[in-house]
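K.L.:
just need the structure, nothing else, for what follows:
(one chain, ligands or ions: 1)
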Amino acid sequence: MITENNGRFLIETDHTSYLFYVDPAGFLTHLYYGEKLFLTEDGIDAMIPVISNQNGCSIIADQKESTVSLDDWCQEASSRGRGDLGQPMIELVYADGSRSSDFRFESFRIERIKEQPDGLPGAYKEEEQEGSSLVIVLRDQKSRTVLELVYSVFEECDCITRFARVRNEGEEPVRILRLMSTQLDVRTDGQQKILSFSGEWAREMEPVETILSASRFTVESGGGTSSNKANPFIIFGETELSETYGQCYGFNLLYSGNHQETLEIGGHGRARFLSGIHPEFLEITLQPLESFCSPEAVQTFSDGGYQQISLHMHAFVREHIVRGYWKKKERPILINSWEAMYFDVREKKVLKLAKEAAKAGIELFVLDDGWFGNRYDDNRALGDWFVNEEKLKGGLKYLVDEVNKLGMKFGIWFEPEMISPDSDLYRAHPDYAIAIPGREPSLCRNQYVLDLTRKEVRDYAYECVAKILRSANIEYVKWDMNRQLSDIGSLELPADQMGELYHRYVLAVYEMQERMMTEFPHLLLENCSGGGARFDPGMLYYSPQIWCSDDTDAIERLKIQEGTALIYPLSTMGAHVSDCPNHTVGRVTPFETRGYVALAGTFGYELDVTKIPESDREQIPAQVAMYHKYNDLVREGDYYRIASYAENHYFDCYGVVSKNKKEALYTYVQVLNRPNYHSRRIYLKGLAAEKYYAIEGEDGTWSGEQLMNAGLLVQNPFGDFKGKLIHLTEV
Ligand code: GLA
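P.N.:
So this is what the prediction gives:
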């Protein structure tokens with residue numbers, strides 16, 4: 001609930017309070033964000049810093065009303081020009097060339113309906129509710145430019161969202177050099193610990209911990225997507241921060257393009273966090289009466305380390321980001337053709353594979369790359385979205401019908417944002433690719449990116465996909481995006497608007513996916529970007545699941561999925577059992593373990609069932625049953641990390657616990673066996689201390705208290721890469 005009293009604004013979730021006020025000069029001053037406080041009016045007043053004259057040689061922003069030096073002031077929205085030498089949330093260039101802004105409070109309104117960012121994905125609430133959103137209106141003292149700060153609250157998951165909107169109410173153009181989505185200024189003793197994520201193709205979501213003192217730390221992407229190099233999610237807090245200890249803040253951005261997150265600690269100990277569209281890749285000029293809106297950012301607070309941040313963010317994504325028909329539903333177990341046949345797609349092979357898969361209980365056949373145009377390898381044909389009937393004799397409808405007859409759904413792969421130079425589409429429309437006239441565009445995976453910012457191109461790309469979807473009973477789409485943007489140029493944008501292209505591109509992708517959701521409301525959409533290079537809440541607003549990584553090796557997946565699950569709920573993570581030796585790393589792991597690891601996601605297969613060893617194939621029906629037995633728990637339960645193989649190098653353990661704590665499932669994987677070391681004690685998490693539990697397959701009962709504090713002894717299996725499930729139910 002959001003309330004206001006005498007210029008003091010209080011945003012409260014179930015367990016947190018966020019407080020700021022308007023100071024006498026009209027600067028929006030941040031006072032507190034942390035554990036929920038029961039505040040009296042006097043209590044709030046006592047939080048307002050006392051201004052002394054000890055600012056040394058700092059610049060004073062308003063001599064008349066206060067002696068505030070903004071350089072040492074916690075603000076809600078900083079700008080350049082009046083003495084705050086930290087990074088600004090907003091930076092504008094006015095018609096006279098000046099860059100100094102002076103935004104002061106003008107008015108506010110509190111709304112029942114959650115405010116949505118213009119034309120962008122926004123967290124939503126199923127119902128209206130008193131005090132859902134707060135809009136603060138600030139105005140620049142000279143130019144009349146308006147800055148609106150929009151706050152919304154999601155009480156039950158302890159999340160607060162923010163975005164910002166700038167409107168030019170003056171008579172001259174205003175150029176935006178940066179408009180970040182959120183800012184958090186907090187007092188520190190000069191040091192903070194940061195958890196961020198870096199990575200590459202097949203190595204997504206590698207956690208990086210950094211201790212920052214009096215300097216600036218940046219996470220950023222510049223290739224047009226949120227990227228596998230730097231997820232927009234970040235946590236920072238006290239230096240002792242760990243999985244279960246410490247006060248910290250977690251942030252994410254509902255945006256799928258270039259982003260930047262910075263944490264800067266100044267000489268006075270003020271830590272400033274900013275997140276939003278990467279300012280170096282956005283330049284927008286607002287003509288009079290035009291406005292620009294930033295993407296929405298989400299933040300949460302934990303007084304119990306990373307674990308609580310994950311729980312809050314999972315609930316937020318599950319309830320307020322993921323939409324549509326599949327939001328709460330168990331997803332069909334799929335088999336994907338990619339690692340089974342790569343580009344060598346033939347209808348006979350497809351049907352043979354589908355038949356065997358159906359027999360084993362698999363529910364959805366996904367035809368990956370290689371089914372269209374002249375697509376015999378990855379050198380060609382992107383953009384030529386017509387069925388290759390040499391490969392698929394009888395056509396797509398025939399194939400889909402045949403698969404349906406087996407009792408399976410049918411799904412298909414597209415890469416709608418791309419164009420191969422060797423394609424009919426490119427030969428007819430070379431101008432459809434993003435490029436700079438007179439410069440040879442750079443290739444990546446032998447392809448260019450379509451200039452979806454042009455309506456004609458966007459409509460063409462959308463219609464290609466939609467036509468195929470209308471032509472047969474296709475119930476699932478994998479929407480892939482296999483390269484970053486480069487050589488930024490568009491035929492239709494005038495030179496002075498070229499700085500908008502990256503952002504317009506993201507809006508175009510959103511528009512296409514929204515159209516698709518509207519036209520095919522029951523379609524199950526899985527986003528993918530060469531694996532997890534666009535795994536962000538913006539994409540999850542359109543697709544309930546995203547393919548985590550092209551690396552399907554069970555052991556690599558332990559790390560990738562652990563990193564991903566630090567941020568995103570398991571229900572959003574595409575995970576499959578694949579063949580061995582694994583196609584990416586060559587590792588051989590037991591089929592059983594591959595199943596356990598894929599269970600922590602949407603679950604499916606990516607192999608040729610007709611070719612794998614009989615002993616593996618025989619295990620599929622049991623794995624299918626395992627998925628059906630546990631998926632409600634995995635999808636909706638609370639997720640706990642217990643031991644990380646990436647840290648201890650020997651074993652991994654995590655669990656999901658139902659909301660009512662009556663059921664729990666823990667996955668244990670011994671990665672490397674250790675000689676002369678007979679058993680391990682696993683300290684389970686998330687149970688109810690006072691409840692008693694039975695462990696499936698074992699005699700006896702255990703109290704939650706014992707399992708969490710004294711732990712459970714797990715015997716070392718003989719061999720590497722061995723896994724087991726530990727299933728608990730309340731007795
Ligand atoms: C990307 C995807 C893979 C597969 C291939 C097809 O790499 O991540 O899963 O679909 O493209 O070309």
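
K.L.:
those residues of the chain touching the ligand, which are they?
P.N.:
Within the chain, the positions adjacent to the ligand are 338, 368-369, 413, 480, 482, 528, 530-531, 547, 550 by Cβ under 6 Å from any ligand atom. For the C-beta atoms, the positions are set from N, CA and C on the backbone; glycine is no exception.

K.L.:
change it to 8 Å
P.N.:
336, 338, 342, 368-370, 378, 413, 415, 478, 480, 482, 528-531, 547, 550, 606 (Cβ under 8 Å from any ligand atom).

K.L.:
in helices, which of these appear?
P.N.:
When the residues of the chain next to the ligand are checked against helices (DSSP state H), the matches are residue 338.

K.L.:
please indicate which of the residues of the chain next to the ligand are buried?
P.N.:
Buried residues within the residues of the chain next to the ligand, counting neighbours by 16 or more other Cβ atoms under 10 Å: 336, 338, 368-370, 378, 413, 415, 478, 480, 482, 528-531, 547, 550, 606.

K.L.:
spatially central residue for the protein, please.
P.N.:
residue 536 (2.2 Å; Cα atoms, centre = their mean).

K.L.:
give me the phi and psi for the closest residue to that one other than its chain neighbours.
P.N.:
Spatial nearest neighbour of residue 536, excluding adjacent residues (Cβ to Cβ, 6 or more residues apart in numbering): residue 226 at 4.0 Å. Dihedral pair for residue 226: phi -70, psi -30, per degrees, to the nearest 10.

K.L.:
run through the bridge partners of residue 150.
P.N.:
residue 135, residue 163 (DSSP bridges).

K.L.:
now do the contacts for it.
P.N.:
Shown in contact with residue 150 (Cβ atoms under 8 Å, 6 or more residues apart in numbering): 115, 117, 133-136, 162-165.

K.L.:
closest one to residue 668 out of those, please.
P.N.:
Residue 668 lies nearest to residue 162 out of the contacts of residue 150, by Cβ to Cβ, at 39.7 Å.

K.L.:
what's the helix or strand for the spatially closest residue to that closest one that is not a sequence neighbour?
P.N.:
Leaving out its chain neighbours, the residue that sits closest to residue 162 by Cβ to Cβ, 6+ apart is residue 182, at 4.3 Å. Per DSSP states H and E, residue 182 falls inside strand 174-187.

K.L.:
quick one: list the elements packing against that strand.
P.N.:
With contacts taken as 3 or more Cβ pairs under 8 Å, 6 or more residues apart in numbering; DSSP states H and E, strand 174-187 sits against strand 28-35, strand 90-93, strand 159-167, strand 248-253, strand 270-277, strand 284-286, strand 297-302.

K.L.:
now with 6 Å?
P.N.:
Using 3 or more Cβ pairs under 6 Å, 6 or more residues apart in numbering; DSSP states H and E as the contact test, the elements touching strand 174-187 are strand 90-93, strand 159-167, strand 270-277, strand 284-286.

K.L.:
can I get those in TSV including mean neighbour count?
P.N.:
Output for the helices and strands packed on strand 174-187, formatted as TSV (neighbours: other Cβ atoms under 10 Å):
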stretch	mean neighbour count
strand 90-93	22
strand 159-167	25
strand 270-277	25
strand 284-286	18
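
K.L.:
which residue packs closest to residue 72, ignoring adjacent ones?
P.N.:
Nearest to residue 72 is residue 268, by Cβ to Cβ, 6+ apart, at 4.2 Å.

K.L.:
quick check: that neighbour vs the ligand, distance?
P.N.:
47 Å (Cβ to the nearest ligand atom, to the nearest Å).

K.L.:
now do residue 441
P.N.:
The separation that residue 441 has from the ligand, given Cβ to the nearest ligand atom, amounts to 20 Å.

K.L.:
now the helices and strands packed on strand 174-187 in a markdown table, with mean pLDDT?
P.N.:
Shown next, in a markdown table, are these (pLDDT from 0 to 100):
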| stretch | mean pLDDT |
| --- | --- |
| strand 90-93 | 98 |
| strand 159-167 | 98 |
| strand 270-277 | 98 |
| strand 284-286 | 97 |
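
K.L.:
now do the contacts for whichever residue of the chain sits closest to the ligand.
P.N.:
Closest to the ligand within the chain is residue 369: 3.5 Å, counting by Cβ to the nearest ligand atom. Applying Cβ atoms under 6 Å, 6 or more residues apart in numbering, we find residue 369 in contact with residue 413.

K.L.:
pLDDT value on it, please?
P.N.:
pLDDT, residue 369: 98.

K.L.:
now the helices and strands packed on strand 174-187 as JSON lines including distance to residue 445?
P.N.:
Below are these laid out as JSON lines (distance: least, Cβ to Cβ, whole Å):
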{"stretch": "strand 90-93", "distance to residue 445": "36"}
{"stretch": "strand 159-167", "distance to residue 445": "34"}
{"stretch": "strand 270-277", "distance to residue 445": "26"}
{"stretch": "strand 284-286", "distance to residue 445": "31"}
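
K.L.:
out of these, which comes closest to residue 13?
P.N.:
strand 159-167 (6.8 Å).

K.L.:
quickly list what residue 643 is bridged to.
P.N.:
Under the criterion used (DSSP bridges), residue 643 bridges to residue 653.

K.L.:
just give the number of residues close to it.
P.N.:
17 (other Cβ atoms under 10 Å).

K.L.:
secondary structure element for the residue nearest to residue 488 when sequence neighbours are not counted, which one?
P.N.:
Nearest non-adjacent residue to residue 488, counting by Cβ to Cβ, 6+ apart: residue 501, 5.2 Å away. Element membership of residue 501 [criterion: DSSP H and E] is helix 501-519.

K.L.:
could you check the angle that helix makes with strand 270-277?
P.N.:
60 degrees (axes from the mean of the first three to the mean of the last three Cα atoms, to 10 degrees).

K.L.:
now helix 501-519 - C-alpha only, PDB.
P.N.:
The C-alpha coordinates for helix 501-519 follow below in PDB (Å, rounded to 0.1, in the frame of the first residue of the first chain):
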ATOM      1  CA  LEU A 501      17.100   2.300 -33.300                       C
ATOM      2  CA  TYR A 502      18.100  -0.100 -30.600                       C
ATOM      3  CA  HIS A 503      15.200   0.800 -28.500                       C
ATOM      4  CA  ARG A 504      12.700   0.800 -31.400                       C
ATOM      5  CA  TYR A 505      14.000  -2.700 -32.200                       C
ATOM      6  CA  VAL A 506      13.100  -3.900 -28.800                       C
ATOM      7  CA  LEU A 507       9.600  -2.300 -29.000                       C
ATOM      8  CA  ALA A 508       9.200  -4.000 -32.400                       C
ATOM      9  CA  VAL A 509       9.900  -7.500 -31.000                       C
ATOM     10  CA  TYR A 510       7.500  -6.800 -28.100                       C
ATOM     11  CA  GLU A 511       4.800  -5.700 -30.600                       C
ATOM     12  CA  MET A 512       5.300  -8.900 -32.700                       C
ATOM     13  CA  GLN A 513       5.100 -11.200 -29.700                       C
ATOM     14  CA  GLU A 514       2.000  -9.300 -28.300                       C
ATOM     15  CA  ARG A 515       0.300  -9.800 -31.700                       C
ATOM     16  CA  MET A 516       1.100 -13.400 -31.600                       C
ATOM     17  CA  MET A 517      -0.300 -13.800 -28.100                       C
ATOM     18  CA  THR A 518      -3.400 -12.100 -29.200                       C
ATOM     19  CA  GLU A 519      -4.000 -14.000 -32.400                       C
END
